[in-house]
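Student: curious how this folds, go ahead:
(one chain, ligands or ions: 2)
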Amino acid sequence: MQLHEGTSFIHPFLVEFDLDAGIMKNHKGHTVRKASAMKGHYKDEAALDRLIANGDPLHYEVFECLPPEEYGQIFFCISKLMPGKVGDEYFMTKGHYHTVAHTGELYLCLRGEGYMLMKTADGQFDAQPFYRGAMVYCPPYWAHRSVNTGKEPLISFCSYNAEAGHNYGDIEKEGFVKRVLEVNGKPVIK
Ligand code: S6P
Ligand code: ZN
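Tutor: Ligands and ions are numbered 1, 2, ... in the order given. Below is the predicted model:
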């Protein structure tokens, strides 16, 4: 067997999920973001401050499986975004470009409802709906952010190139072109 330089030989393995609870049982990474991790992302900063003062609730958590961070390996995760609003804006993830910008990502929605917002560095915008069974293909170069517009957790499975990395800084500077707000009880992208 000839190995490619920089890509380790590893053995196959199995990972078990609780798809309804949005949990990866034998995960390697676990990212937890509370409201206080979301400073600077919502339109209504005072509403976010009130939420933080009022117990700083869980916003979302991500369970990750992280094989070696090398060309040819695949990272995957299950993410669980809680329902709620900051002012009239639905709970969302921070959102990011990949550090290796020319890497895409697959998101399969397992439970809940919402949107995947996507944008490019030159200001193009796209939104695709999330509902059980919807798989969103996020191509290379597109930043991505999930938004939960429902009343239950939004749970999705995602998979991406192990070398992709996260670039949060550009989104912190640029914002996301559009927001998902509740207007007359319904989600509106504006
Ligand atoms: C990684 C992938 C997800 C997100 C997760 C949380 O490329 O897109 O694992 O990391 O949904 O979002 P964020 O924007 O806080 O990393
Ligand atoms: Zn990503």
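Student: now the lengthiest helix in the chain - C-alpha only, PDB.
Tutor: Longest helix of the chain, by residue count under DSSP state H: helix 45-53. Taking Å, rounded to 0.1, in the frame of the first residue of the first chain, the C-alpha atoms of helix 45-53 are listed here in PDB:
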ATOM      1  CA  GLU A  45     -27.200  44.500  21.700                       C
ATOM      2  CA  ALA A  46     -29.300  45.600  24.800                       C
ATOM      3  CA  ALA A  47     -31.600  42.500  24.400                       C
ATOM      4  CA  LEU A  48     -28.500  40.300  24.300                       C
ATOM      5  CA  ASP A  49     -27.100  41.900  27.400                       C
ATOM      6  CA  ARG A  50     -30.400  41.300  29.200                       C
ATOM      7  CA  LEU A  51     -30.300  37.600  28.200                       C
ATOM      8  CA  ILE A  52     -26.700  37.300  29.500                       C
ATOM      9  CA  ALA A  53     -27.700  39.000  32.800                       C
END
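Student: for it, packing partners?
Tutor: Taking 3 or more C-beta pairs under 8 Å, 6 or more residues apart in numbering; DSSP states H and E as contact, the helices and strands that helix 45-53 lies on are strand 85-86. Using the backbone N, CA and C atoms, a C-beta is placed for each residue, glycine as well.
Student: residues of the chain that sit close to ligand 1?
Tutor: Contacts of the chain with ligand 1, taken as C-beta under 6 Å from any ligand atom, map to 62, 77, 79, 93-96, 105, 144, 146, 158, 160, 164, 166.
Student: make it 8 Å
Tutor: With C-beta under 8 Å from any ligand atom as the criterion, the chain comes near ligand 1 at residues 31, 33, 60, 62, 64, 75, 77, 79, 81, 93-96, 98, 105, 107, 138, 144-146, 156, 158, 160, 164, 166, 168, 171.
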